[in-house]
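Visitor: turn this into a structure:
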Amino acid sequence: MRLGTTFILIAAAMVLGARAEPVTIASAAQGSSTYNIALAVARAASEIGGLDLRPQPYKSTSQGAAFVDGGEVDFGLENAFAVREAMLGLGRFEGQTMANLRLVARLQPLRMALAVRKDGGIRSFDDLRGKRLPAGFRAAVTGELLISAMLANGGLTYDDVEKVPVNDFTAMADAFAAGQLDAYIFVIGTPRDEQVSRTVGGLLPLPFIDGAEAVARVQAILPVASLGRLQPDPSLVDIEKETVVLEYDYFVYTHAGEAEETVRKMVESLHGGKDLMVQSVASMAWFEPARMNADLGLPYHPAAEAFFREKGLSN
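Guide: Numbers count the residues shown, from 1 in each chain. Prediction:
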């Protein structure tokens with residue numbers, strides 16, 4: 001009996017030892033759009049790659065980049081503009097280039113609009129004059145840039161509105177839901193903004209101008225951004241008619257010294273995990289596995305490059 005017990009204990013220890021070591025991915029705060037995306041990625045990483053991937057929330061994704069650069073966190077989520085600034089030491093990252101960062105994969109385009117309350121009486125950018133909009137974004141690299149680009153599309157600037165300081169995107173959403181802002185950045189297809197919509201009784205995305213001059217005004221401020229058209233879809237809250245939205249790409253990135261096996265499992269999980277991720281975050285329907293290898297003029301991790309070559313995924 002004792003021998004049998006010993007075998008059971010040895011077998012249990014072997015099972016526990018075989019479990020994957022925890023792997024972390026930096027995101028913004030719990031409840032944020034990127035935290036929910038991190039949860040979706042973690043599900044795919046677990047069910048396909050066998051990774052025990054755990055979101056590591058920070059005030060903003062930009063704060064998390066320093067921990068990935070230092071090798072304390074394995075992966076991160078960031079938009080194309082901010083990850084480029086970090087890797088090249090530009091803008092807010094001047095003097096603190098994060099040379100250890102490496103791209104893993106283009107994940108999806110984040111699609112967004114400047115939204116107001118559906119019953120608030122604001123129907124156009126002109127109606128925003130003198131209204132309260134988020135500003136500052138001390139912990140978020142792209143916050144003011146996004147608002148500035150959106151306002152520019154409608155022929156406005158921050159000088160035309162009342163600036164209300166917020167620290168990050170989560171604080172912005174909370175302030176809007178609490179009635180402290182008249183408009184905010186609505187990230188379409190994310191659980192956070194679906195909750196904001198329920199809280200305020202529905203959102204109205206203000207219509208962007210999809211003309212060459214208006215697009216040029218946007219890209220003069222945020223070169224990685226573009227405008228696209230969304231059609232109504234039952235999975236997309238508050239998209240009730242064809243809607244022009246602002247979009248730019250989001251990426252998964254890692255540290256240059258991250259184990260090749262871990263990165264390989266992550267890329268394989270993303271490539272094969274779209275259906276799993278969509279079940280968690282509706283906007284993951286825009287993820288295109290065939291376009292994971294997007295060219296930002298920045299280096300990818302060698303394990304990701306090897307996977308792309310094997311699959312014939314050119315950038």
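
Visitor: where in the stretch 1-150 of the chain is pLDDT low?
Guide: 1-20 (pLDDT under 70).

Visitor: can you pull out the strands in it?
Guide: For the stretch 1-150 of the chain, applying DSSP state E, counting those that start in this stretch gives strands covering 22-27, 52-57, 75-79, 101-117, 132-136.

Visitor: ok, which of those strands comes nearest R264?
Guide: Ranking the strands of the stretch 1-150 of the chain by proximity to R264 (Cβ to Cβ) places strand 101-117 first, at 10.1 Å. All C-beta spots, glycine's among them, are computed from the backbone N, C-alpha and C.

Visitor: and the angle from that closest one to strand 75-79?
Guide: Interaxial angle, strand 101-117 versus strand 75-79 (axes from the mean of the first three to the mean of the last three Cα atoms, to 10 degrees): 50 degrees.

Visitor: winner for burial among the strands of the stretch 1-150 of the chain?
Guide: strand 75-79 (a mean of 28; mean count of other Cβ atoms under 10 Å).

Visitor: how far off centre is that strand?
Guide: Distance of strand 75-79 from the chain centroid (Cα atoms, centre = their mean, to the nearest Å) equals 7 Å.

Visitor: adjacent strands (with direction) for that strand?
Guide: If you go by DSSP bridges, strand 75-79 pairs up with strand 22-27 (parallel), strand 243-255 (antiparallel).

Visitor: need the strands of the stretch 1-150 of the chain in JSON lines with distance to F186, can you?
Guide: As requested, these are exported to JSON lines (distance: least, Cβ to Cβ, whole Å):
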{"stretch": "strand 22-27", "distance to F186": "19"}
{"stretch": "strand 52-57", "distance to F186": "21"}
{"stretch": "strand 75-79", "distance to F186": "16"}
{"stretch": "strand 101-117", "distance to F186": "3"}
{"stretch": "strand 132-136", "distance to F186": "12"}
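
Visitor: closest to G64 out of the ones you listed?
Guide: Using Cβ to Cβ, the nearest of these to G64 is strand 22-27, at 2.8 Å.

Visitor: if we can go back for a sec, out of the strands of the stretch 1-150 of the chain, nearest to K311?
Guide: Across the strands of the stretch 1-150 of the chain, closest to K311 is strand 101-117 (Cβ to Cβ), at 11.4 Å.

Visitor: could I get the strands paired with strand 75-79 as TSV with distance to F208?
Guide: Shown next, in TSV, are these (distance: least, Cβ to Cβ, whole Å):
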stretch	distance to F208
strand 22-27	27
strand 243-255	4
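
Visitor: for the strands of the stretch 1-150 of the chain, which one sits closest to L145?
Guide: strand 75-79 (10.1 Å).

Visitor: okay, the angle between the closest one and strand 52-57?
Guide: Orientation of strand 75-79 against strand 52-57 (the same axes, to 10 degrees) gives an angle of 50 degrees.

Visitor: mind exporting the C-alpha coordinates of strand 75-79 to CSV?
Guide: C-alpha atoms of strand 75-79 as CSV (Å, rounded to 0.1, in the frame of the first residue of the first chain):
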residue,chain,number,x,y,z
PHE,A,75,5.1,39.8,-24.0
GLY,A,76,3.2,43.0,-24.5
LEU,A,77,0.4,44.5,-26.5
GLU,A,78,0.8,47.9,-28.2
ASN,A,79,-0.4,50.0,-31.1
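
Visitor: tell me which of the strands of the stretch 1-150 of the chain sits nearest to A65.
Guide: In terms of Cβ to Cβ, the element of these nearest to A65 is strand 75-79, at 5.8 Å.

Visitor: so what's the closest residue to V200 other than its chain neighbours up against?
Guide: With Cβ to Cβ, 6 or more residues apart in numbering as the criterion, V200 has its nearest non-adjacent residue at 5.0 Å, and that residue is R117. Contact analysis of R117 by Cβ atoms under 8 Å, 6 or more residues apart in numbering lists 200-204.

Visitor: how close does R117 get to K59?
Guide: Remark: distance between R117 and K59 (Cβ to Cβ, to the nearest Å) = 26 Å.

Visitor: try F125
Guide: Distance, F125 to K59, by Cβ to Cβ: 29 Å.

Visitor: neighbours of E260, how many?
Guide: E260: 12 surrounding residues under other Cβ atoms under 10 Å.

Visitor: isn't I25 up against R43?
Guide: No - taking Cβ atoms under 8 Å as the definition, I25 is not a contact partner of R43, at 11.8 Å.
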